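1. Sequence and predicted structure are below.
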Amino acid sequence: MKYDYYYNDVPGQGLQRNNLVYTSLISEDRRVFVQWYYNDTEYHRGQNQVVDPDLMEEKWRRELKYLKLMHNAYNHLVPKILEIDERHRKIYLEIDGEDFWNRACCDVKNYSTVLVDWQEQMLEIIKAHKRLGLYKYSLHPSSYFLVDGRLKSINYFFTYHDSEGPISIADHASHIYTTRQEIMRKKIKDMNISWEDKESLDKLQYLCFESFRTNYTDEFIDKCKEIYSD
């Protein structure tokens, strides 16, 4: 089967990399998505952010660990794992077309036209994370695929369990996009969060939700925060 680089088609910006950590691949028939934990300069177009091989290995291990955990506990909320290639650090996932973000033309105003109950389905996934003690900081709408009318969550490379932490933002800045870093910096003072010092996973989860208000509705973000306040 032939695989090509996979990009998001962002209005006004053109084709943008689907992920800034790994290299995203998709099958020719749009039925298989591949998370390839390899620092591919051609795919990242010289804007490679995770260049440390040890960090890439850590991201790979986190993806494996927490995607498998979700698959075992809530397999209806993540794509079917078709194959794991440990040698080449590739995960093959069963999908049905492009990701949720692309389907919505990369605009929150179109979410409901793609999936009427998108909010309820995403909140179900967030609740599953909370029940498992997970703090997932990669929440971009391109982290979801739509299969048979159901949203499937991916991108667990930036996930921590409540037995871990605290952690600092500074130690993770290499895989936080610059635009999101700018949003976060505007909010940390009001939220009494340090950029350099280690903070609790709870505090950072709230900051994460706040930083994604530009990608989701305020109602959705407020409900996400409520889930983690219980």
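-> Arrived safely, thanks for sending.
2. May I have the residues that are in contact with the residue most central in space within the chain?
-> With distances taken as CA atoms, centre = their mean, the residue of the chain nearest its centroid is Ser138 (3.4 Å). Shown in contact with Ser138 (CB atoms under 8 Å, 6 or more residues apart in numbering): 155-159. Quick note: C-beta positions are derived from backbone N, CA and C, even for glycine.
3. likewise Lys152?
-> Taking CB under 8 Å, 6+ apart, we find Lys152 in contact with 77-79, 93, 95, 144-146.
4. Give me the residues contacting the longest helix belonging to the chain.
-> The single longest helix within the chain, with elements called by DSSP state H, is helix 53-73. Residues outside helix 53-73 that contact it (CB under 8 Å, 6+ apart): 21-22, 35, 37-39, 50, 77-78, 81, 84, 89, 91, 128, 132, 134, 136, 153-159, 161, 174-175.
5. mean confidence for the helix or strand containing Leu204?
-> Per DSSP states H and E: Leu204 is located in helix 201-211. Helix 201-211 shows an average pLDDT of 96 in the prediction.
6. And stretch 60-80, by the same measure?
-> Rounded mean pLDDT across stretch 60-80 is 97.
7. gap between that stretch and the chain center?
-> 13 Å (CA atoms, centre = their mean, to the nearest Å).
8. Name the residues of it that are buried.
-> 60, 62-64, 66-67, 69-70, 74, 77-79 (16 or more other CB atoms under 10 Å).
9. repeat for stretch 215-230
-> Buried-residue list, stretch 215-230, by 16+ other CB under 10 Å: 215-216, 220-221, 223-224, 228.
10. what residue ranges in the protein score low on pLDDT?
-> 49-51 (pLDDT under 70).
11. where along it do the strands fall?
-> 3-5, 7-10, 14-17, 23-27, 32-36, 81-85, 90-94, 134-136, 144-147, 150-153, 159-161 (DSSP state E).
12. Tell me which of those lies nearest to Gln119.
-> Across the strands of the chain, Gln119 has its closest neighbour in strand 150-153 (10.2 Å, CB to CB).
13. and Tyr111, how many neighbours?
-> For Tyr111, the count of nearby residues is 21 (other CB atoms under 10 Å).
14. Does it touch Cys105 like I think?
-> No - the criterion here is CB atoms under 8 Å, and Tyr111 misses it with Cys105 at 10.1 Å.
15. still on that earlier bit, and the helix holding Leu204, what does it pack against?
-> strand 134-136, helix 178-187, helix 218-227 (3 or more CB pairs under 8 Å, 6 or more residues apart in numbering; DSSP states H and E).
16. Could you rerun that using 7 Å?
-> helix 178-187, helix 218-227 (3 or more CB pairs under 7 Å, 6 or more residues apart in numbering; DSSP states H and E).
17. show me the contacts for Asp202.
-> Taking CB atoms under 7 Å, 6 or more residues apart in numbering as the contact definition, Asp202 lies against Tyr228.
18. Just give me how far the helix holding Leu204 sits from the chain centre.
-> On CA atoms, centre = their mean, the centre of helix 201-211 falls 14 Å from the chain's centre.
19. That one to helix 178-187, inter-axis angle?
-> 110 degrees (axes from the mean of the first three to the mean of the last three CA atoms, to 10 degrees).
20. Return helix 201-211 as CSV; C-alpha atoms alone will do.
-> C-alpha atoms of helix 201-211 as CSV (Å, rounded to 0.1, in the frame of the first residue of the first chain):
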residue,chain,number,x,y,z
LEU,A,201,-0.7,18.4,36.2
ASP,A,202,-4.1,19.8,37.2
LYS,A,203,-3.0,23.4,36.8
LEU,A,204,-1.4,22.7,33.5
GLN,A,205,-4.5,20.9,32.2
TYR,A,206,-6.6,24.0,32.9
LEU,A,207,-4.0,26.1,31.1
CYS,A,208,-4.1,23.7,28.2
PHE,A,209,-7.9,24.0,28.0
GLU,A,210,-7.7,27.8,28.1
SER,A,211,-5.1,27.8,25.3
